[in-house]
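Novice: based on what follows, work out the 3D shape:
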Amino acid sequence: MTSLLQFSFSPVAGHPRRRRQQQRIVASADRQALFSRIAPVYDNLNDVLSLGQHRIWKRMAVDWSGAKEGSNVLDLCCGSGDLAFLLSPKVGVDGQVTGLDFSREQLVVASSRQKMQSKACYRNLKWVEGDALDLPFSDCYFDAITMGYGLRNVIDKYKALKEVYRVLKPGSKASILDFNKSTDELRTSIQGWMIDNIVVPVAAGYGLAEEYRYLKSSIQEFLTGEELEHLALKAGFSSAKHFEVGGGLMGNLVATR
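Specialist: Residues are numbered from 1 along each chain as shown. Modelled structure (predicted):
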């Protein structure tokens, strides 16, 4: 399998813009297929690989979103729904949580988790299959937006942030959690060592070594915290602050419209 950020493209005849568009379609399809393949073991692997710490980081991301009782919120690139399930009790029975993902298999897992839970607030959850670069919502629709480990994997990060800005109400926040691309060489080397010697071997036990090998290159091709702040401001947000969490291995961008 080709890694997420090192695709082999077939030549496309015609104008360079047309070629770029075709390349993006192929890349997006490959990423969608990857996340569909890992869906059955995604939650279990997250627990194992982070020693459960990802749950702490996700709670922090939800808190930074500013979601509160009665809010209408979006969990973008929701995967199997971890952040959406944390948002649900925060907004309560009078609120609404929409989880959107481009992987139908991930959404099936999220829906199954919802059906297995007995909390009354979980009735406020709904799942939508969609594209982070073309959100199926009207302008100024949401009171808060979260995004966990999704921005790094979208083809056009600026366009994704523009879409987040568009559907967010004025004065509301987007909280975006992902791996941190550190400017510190020691942290970068530790992060790379952990991926090579812990993440990939553990994933190999699930038959998913190639699917998780992409992490290293995807982080290398990601943006630093400062670059994410600048990109959010360029997308229209009035303020943006990137926080390092998990000893600097993870980062959370908080952007206010």
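
Novice: how many neighbours does Gln114 have?
Specialist: Using other CB atoms under 10 Å, Gln114 is surrounded by 19 other residues. Glycine gets a C-beta too; all of them are placed from N, C-alpha and C.

Novice: just the residues contacting the strand or helix carrying Pro201, thanks.
Specialist: Using DSSP states H and E, Pro201 maps to helix 200-204. Residues outside helix 200-204 that contact it (CB atoms under 8 Å, 6 or more residues apart in numbering) are Leu45, Val48, Leu49, Ala209, Glu211, Tyr212, Arg213.

Novice: list only buried entries from those residues.
Specialist: Burial by neighbour count, 16 or more other CB atoms under 10 Å: within the contacts of helix 200-204 this picks out Leu45, Val48, Leu49, Glu211, Tyr212, Arg213.

Novice: so which of those residues belong to helices?
Specialist: The members of the buried ones among the contacts of helix 200-204 that map onto helices under DSSP state H are Leu45, Val48, Leu49, Glu211, Tyr212, Arg213.

Novice: CSV for those, including distance to Met116?
Specialist: Formatted as CSV, these follow (distance: CB to CB, whole Å):
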residue, distance to Met116
Leu45, 19
Val48, 21
Leu49, 23
Glu211, 25
Tyr212, 26
Arg213, 32
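
Novice: any chance of those in TSV, plus distance to Val73 and pLDDT?
Specialist: What follows is these, written out as TSV (distance: CB to CB, whole Å; pLDDT from 0 to 100):
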residue	distance to Val73	pLDDT
Leu45	26	70
Val48	29	70
Leu49	27	70
Glu211	29	74
Tyr212	29	80
Arg213	33	84
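
Novice: which parts of the stretch 151-257 of the chain are strands?
Specialist: 168-179, 239-245, 250-256 (DSSP state E, counting those that start in this stretch).

Novice: and those strands: which comes nearest Arg187?
Specialist: strand 239-245 (9.1 Å; CB to CB).

Novice: now for the buried ones among the contacts of helix 200-204, which pair is the farthest apart?
Specialist: Val48 and Arg213 (16.5 Å).

Novice: closest to the centroid, which residue in the chain?
Specialist: Most central in the chain under CA atoms, centre = their mean is Gly150, positioned 2.0 Å from the mean C-alpha point.

Novice: residues in contact with the nearest residue to that residue once chain neighbours are set aside?
Specialist: In space, and not counting its chain neighbours, Gly150 is closest to Cys77: 2.6 Å by CB to CB, 6 or more residues apart in numbering. Contacts for Cys77 (CB under 8 Å, 6+ apart) come out as Leu100, Asp101, Phe102, Ala132, Met147, Gly148, Tyr149, Gly150, Leu151, Asn153, Val154.

Novice: again with Leu83
Specialist: Leu83 makes contacts with Lys58, Ala61, Val62, Asp75, Thr146, Gly148, Leu177, as judged by CB under 8 Å, 6+ apart.

Novice: part of a strand, is it?
Specialist: No: going by DSSP: H, G, I helix; E, B strand; the rest coil, the assignment for Leu83 is helix, not a strand.

Novice: check it and give its pLDDT.
Specialist: In this model, Leu83 is scored at 96, pLDDT.

Novice: so Leu135 makes contact with Lys162?
Specialist: No: with contact defined as CB atoms under 8 Å, Leu135 does not reach Lys162; the gap is 10.1 Å.

Novice: tell me the contacts of the closest residue in space to Lys241 that isn't next to it in sequence?
Specialist: In space, and not counting its chain neighbours, Lys241 is closest to Val254: 5.2 Å by CB to CB, 6+ apart. The neighbours of Val254, taking CB under 8 Å, 6+ apart as the test, are Trp64, Lys173, Ala174, Ser175, Ile176, Ala240, Lys241, His242, Phe243.
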